[in-house]
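Engineer: quick check, what structure comes out for this input:
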Amino acid sequence: INVMNEETKFWPKCQYECVQAFSEYAQARRSNSIRGLSFEFYDIAFLVSQLRTLNHCIGECLMNLPWPYIRNLPSFFYRIYVPLSSNCSSIMNSNFSSN
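Structural biologist: Numbers count the residues shown, from 1 in each chain. Predicted coordinates for the structure are as follows:
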């Protein structure tokens, strides 16, 4: 529960990023008649933008979790979401070797 309370500070930033992505999408839709590109292109661009934001939010949430709580996650989560520039890899290795 403490982790969730700490995360409430992070949600306004996530909301801002989502609103920004939606405004980019709306702007692309409005300029469609000028450039002559199809609506499908802008749908894909919007989805990519939303996925980028979602990936960022998931990464932030995982980085803020205490390590004992994520010890049992599948290893592909570490490869995707944990940056290599931190000391997290040494923590991961110690967790995997203890199993």
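Engineer: roughly how far apart are the nearest residue to Phe46 once chain neighbours are set aside and Thr53?
Structural biologist: Residue nearest to Phe46 in three dimensions, not counting chain neighbours: Tyr25, with 3.7 Å by Cβ to Cβ, 6 or more residues apart in numbering. All C-beta spots, glycine's among them, are computed from the backbone N, C-alpha and C. With the distance defined as Cβ to Cβ, to the nearest Å, Tyr25 ends up 12 Å from Thr53.
Engineer: tally of neighbours for Val48?
Structural biologist: Val48 has 11 neighbours, counted by other Cβ atoms under 10 Å.
Engineer: what separates it from Pro12, distance-wise?
Structural biologist: According to Cβ to Cβ, Val48 stands 23 Å off from Pro12.
Engineer: please apply the same query to Val19.
Structural biologist: Taking Cβ to Cβ, one finds Val19 at 10 Å from Pro12.
Engineer: again with Cys57
Structural biologist: From Cys57 to Pro12 the distance is 12 Å (Cβ to Cβ).
Engineer: higher neighbour count, those two?
Structural biologist: Higher neighbour count among Cys57 and Pro12: Cys57, with 17 against 9, using other Cβ under 10 Å.
Engineer: which strand or helix spans the residue nearest to Phe46?
Structural biologist: Assessed by DSSP states H and E, Tyr25 sits inside helix 11-30.
Engineer: shaky segments in this structure?
Structural biologist: Applying pLDDT under 70 to the chain picks out residues 1-11, 14-15, 18, 28-39, 42, 61-99.
Engineer: and the longest helix for it?
Structural biologist: Criterion DSSP state H: the longest helix present in the chain is helix 39-64.
Engineer: elements contacting it?
Structural biologist: helix 2-7, helix 11-30, helix 75-81 (3 or more Cβ pairs under 8 Å, 6 or more residues apart in numbering; DSSP states H and E).
Engineer: count of residues packed around Ala21?
Structural biologist: Neighbours of Ala21 (other Cβ under 10 Å): 20.
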